[in-house]
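Asks: Here is my input; please provide its structure:
(one chain, ligands or ions: 1)
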Amino acid sequence: MSRGLFITFEGSDGAGKSTQIQLAKEYLESIGIEPIMTREPGGTSISEKLRDILLDKENSEMSPIAEMMIYASARAQLVAEVIRPAIERGETVVCDRYIDSSIAYQGYGRGLGDIVEEVNRVAIDGVMPDITFFLDLDPAVGRSRIRSDEMDRLEQEKLDFHYRVYNGYKKVAEADPKRVAVIDASRTIEEISLEIRTILKEVCDRKGL
Ligand code: TYD
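Replies: Numbering: from 1, shown residues only. Next up is the predicted model:
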């Protein structure tokens, strides 16, 4: 059996990822694919516990290196427990955030640079997405959609942090244009979803799904 499809969604906070992930799931189901839906940080019981530590506003003393490694640990567990077994069974996996989030948030946002990719290469153990949708939206617009009393530890960072993250995503997309589809997320939900569906169809056809 051939390896299943691995799809990831990326973007700044408030770019509309959750809505588009739900619509992508419905599209995949409409063409007969029941995807396994997961998210980062999280997706396994260990990784969800790490998520709580990462997003807890009380953990303001967390060092950038510790933060990077906890994200990478949560990811390593998710790959080992969920993503790799699923794609080896030939199933399709959709993940809300993956390695590119760490490169953008920890590498560019926190300024840790190339070490983030090295650590995460170990965490993902060769499992890279077939296609990544980067929802491209000005971080100021994205943040204005989130209520300030609902912001988690990362979301409450200053706007210049979010611009560094955003520029990091753009660099990732430029470096790997075959894998990363840059989706203009300033358009309507329907326009964005149509573009994502068109790309998904191409990828599924290519894979013979
Ligand atoms: P997410 O679950 O997308 O937040 P929400 O459900 O509130 O939209 O992601 C949680 C936060 O973690 C988000 O601000 C991005 C950040 N993050 C990183 O900094 N590095 C990473 O590797 C990942 C996966 C997420």
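Asks: for the protein, where's the lowest mean pLDDT among helices and strands?
Replies: The helix or strand of the chain with the poorest confidence is helix 139-144; it has a mean of 94 (mean pLDDT, DSSP states H and E).
Asks: Need the residues that contact it.
Replies: Here helix 139-144 makes contact (C-beta atoms under 8 Å, 6 or more residues apart in numbering) with Gly11, Ser12, Asp13, Gly14, Ala15, Glu155, Leu159, His162, Tyr163, Val165, Tyr166, Ser186. Yep, even glycine has a C-beta here, placed from its N, CA and C like the rest.
Asks: Quick check: the farthest pair among those residues?
Replies: Farthest apart among the contacts of helix 139-144 by C-beta to C-beta are Glu155 and Ser186. That separation is 19.6 Å.
Asks: So if I had to pick from these two, which one is more boxed in?
Replies: Between Glu155 and Ser186, counted using other C-beta atoms under 10 Å, Glu155 has the larger neighbour count: 18 against 14.
Asks: how much space between Arg75 and Val172?
Replies: Going from Arg75 to Val172 by C-beta to C-beta, to the nearest Å gives 16 Å.
Asks: So which of these two has more stuff around it?
Replies: Arg75 (29 against 22).
Asks: Am I right that that one is in contact with Arg97?
Replies: No. Counting by C-beta atoms under 8 Å, Arg75 does not reach Arg97; the two are 9.2 Å apart.
Asks: Surely Glu48 touches Gly42?
Replies: Yes. Under the criterion of C-beta under 8 Å, Glu48 makes contact with Gly42 at 4.7 Å.
Asks: quick one, which of the two is more surrounded?
Replies: Gly42 (21 against 15).
Asks: Ignoring the adjacent residues along the chain, who's closest to Met68?
Replies: Gln106 (4.3 Å; C-beta to C-beta, 6 or more residues apart in numbering).
Asks: for the one you found, helix, strand, or coil?
Replies: helix (DSSP: H, G, I helix; E, B strand; the rest coil).
Asks: which phi and psi does the residue nearest the centre of the chain have?
Replies: A centroid search over the chain (C-alpha atoms, centre = their mean) returns Arg97, at 1.4 Å, as the residue closest to the centre. Dihedral pair for Arg97: phi 80, psi 150, per degrees, to the nearest 10.
Asks: Excluding sequence neighbours, find me the nearest residue to it.
Replies: Arg97 sits nearest to Glu40 (C-beta to C-beta, 6+ apart), 4.2 Å away.
Asks: One more: Ile131?
Replies: In space, Ile131 is closest to Val203, 5.0 Å off (C-beta to C-beta, 6+ apart).
Asks: Stretch 135-152: how far from the chain's middle?
Replies: 16 Å (C-alpha atoms, centre = their mean, to the nearest Å).
Asks: if we can go back for a sec, other SSEs contacting the helix or strand following the least confident helix or strand of the chain?
Replies: Following helix 139-144 in sequence order, the next helix or strand is helix 159-175 (DSSP states H and E). If contacts are counted by 3 or more C-beta pairs under 8 Å, 6 or more residues apart in numbering; DSSP states H and E, helix 159-175 sits against strand 131-136, helix 139-144, strand 180-184.
Asks: I am finished for the moment; much appreciated.
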